[in-house]
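Q: The following comprises the amino acid sequence and a computationally predicted model.
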Amino acid sequence: MISMEEQQQTIKQSRIENIYINHYKKLLIIPLILLVFSLTVLGLQYYRTGSFIYKDVTLKGGISATISTDQELDINELSLKLKEKFPDSDVSIRKLTDLTTGRSLGVLIEISDIKATDLEKALEDLLNFKLNDQNFSIEEVGSALGASFFKEMIRAIIFAFIFMAIVVFIVFRKFIPSIAVILSVLVEMLTALAVIDLLHIKVSTAGIAAILMVMGYSIDTDILLTTRILKRTSGTLFERFKGSVKTGVMMTTTTIVALSIGYIITNSAVIKQMFLIILIALFVDMITTWIMNSSLLIWYCKKHNIK
């Protein structure tokens with residue numbers, strides 16, 4: 001005899017199956033909205049700043065200075081005073097703390113369009129203590145070098161995307177399923193970049209590397225889904241889809257949990273940015289893979305009478 005809980009589970013499953021099998025075209029509205037939203041945000045960002053993302057000093061040039069001190073510094077007040085003193089500069093300040101004790105280790109200052117000597121003098125005046133080799137270090141990245149880094153990184157992403165597309169076409173040898181995989185990755189990357197812009201995250205070279213890693217995470221679930229649906233013959237179309245969802249969501253969830261823990265406990269600003277970008281992309285991947293790619297595949301299967 002079937003229990004009430006089993007009956008409810010069966011009804012729920014039949015509803016989900018009905019949505020995917022009979023209303024798959026309507027589901028494509030969700031990723032379409034995401035795509036329009038992403039292109040709008042990125043377009044406005046480019047119109048306002050001349051770039052699709054906010055770049056930190058490693059990509060646009062500037063100064064990165066570290067002050068080592070156990071004195072508690074008010075980073076908001078320090079940031080405000082530096083902006084008042086250098087109104088044409090972009091200023092970003094982060095506090096450095098010891099992971100185990102929580103003790104303050106100092107601050108990291110990133111600022112553009114000024115000289116290193118001017119920053120050092122301004123900090124000594126604002127903080128009222130002498131800076132030396134023991135408590136102060138500074139790195140300067142020229143604007144030309146930063147621009148060169150950015151161009152090389154973008155070129156790497158473009159080439160990676162092209163070679164990924166070639167591999168996908170070789171593996172599946174079918175136009176629509178291959179395009180579905182590539183579109184899924186593209187929409188995920190564009191949406192992740194749009195969210196990064198909305199959060200005003202200044203992307204570093206490490207952040208660009210994280211975007212490259214996003215491709216790998218995204219393509220895994222898309223290939224899993226496409227392989228299960230097209231290359232396996234056991235079970236119905238929805239059963240194969242359901243099996244891929246169980247495996248894929250488990251993969252993504254474990255990665256999200258691991259990265260979330262790493263993001264919370266790490267003291268490195270570089271690692272935090274990489275983990276945050278990948279986390280954003282993984283949440284978007286849930287939509288692009290299990291709604292957009294799956295809907296396109298079901299559409300393809302119905303058109304070619306694949307059951």
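A: Noted; the coordinates are in hand. Here the structure is a predicted model, which means the values were calculated and not measured.

Q: In three-state terms, label the residue nearest to K130 when sequence neighbours are not counted for me.
A: Counting by Cβ to Cβ, 6 or more residues apart in numbering, the nearest residue to K130 once its immediate chain neighbours are dropped is E124, at 6.4 Å. Quick note: C-beta positions are derived from backbone N, CA and C, even for glycine. Here E124 is helix, with the state taken from DSSP: H, G, I helix; E, B strand; the rest coil.

Q: And for L131?
A: Counting by three-state DSSP, the backbone at L131 sits in coil.

Q: Now do the contacts for it.
A: Residues in contact with L131 (Cβ atoms under 8 Å, 6 or more residues apart in numbering) are I67, E120, L123, E124.

Q: Confirm that K95 sits in a strand.
A: Yes: K95 forms part of a strand when assessed by three-state DSSP.

Q: And it, how close does it get to F37?
A: Distance, K95 to F37, by Cβ to Cβ, to the nearest Å: 33 Å.

Q: sorry, back to before: please check the contacts of L131 and keep the buried ones.
A: I67, L123 (16 or more other Cβ atoms under 10 Å).

Q: Just put the contacts of L131 in a markdown table and tack on pLDDT and distance to S295.
A: Listed next are the contacts of L131 as a markdown table, based on pLDDT from 0 to 100; distance: Cβ to Cβ, whole Å:
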| residue | pLDDT | distance to S295 |
| --- | --- | --- |
| I67 | 80 | 53 |
| E120 | 79 | 57 |
| L123 | 80 | 55 |
| E124 | 78 | 61 |
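
Q: Out of the contacts of L131, which is nearest to N267?
A: Nearest to N267, judged by Cβ to Cβ, of those is I67 at 15.7 Å.

Q: host element of the closest one?
A: Using DSSP states H and E, the element containing I67 is strand 62-68.

Q: and for that strand, what are the contacting residues?
A: Strand 62-68 is contacted from outside by 56-58, 73, 89-90, 96, 105-114, 116, 119-120, 123, 127, 131, 134-141, 143, 146, using Cβ under 8 Å, 6+ apart.
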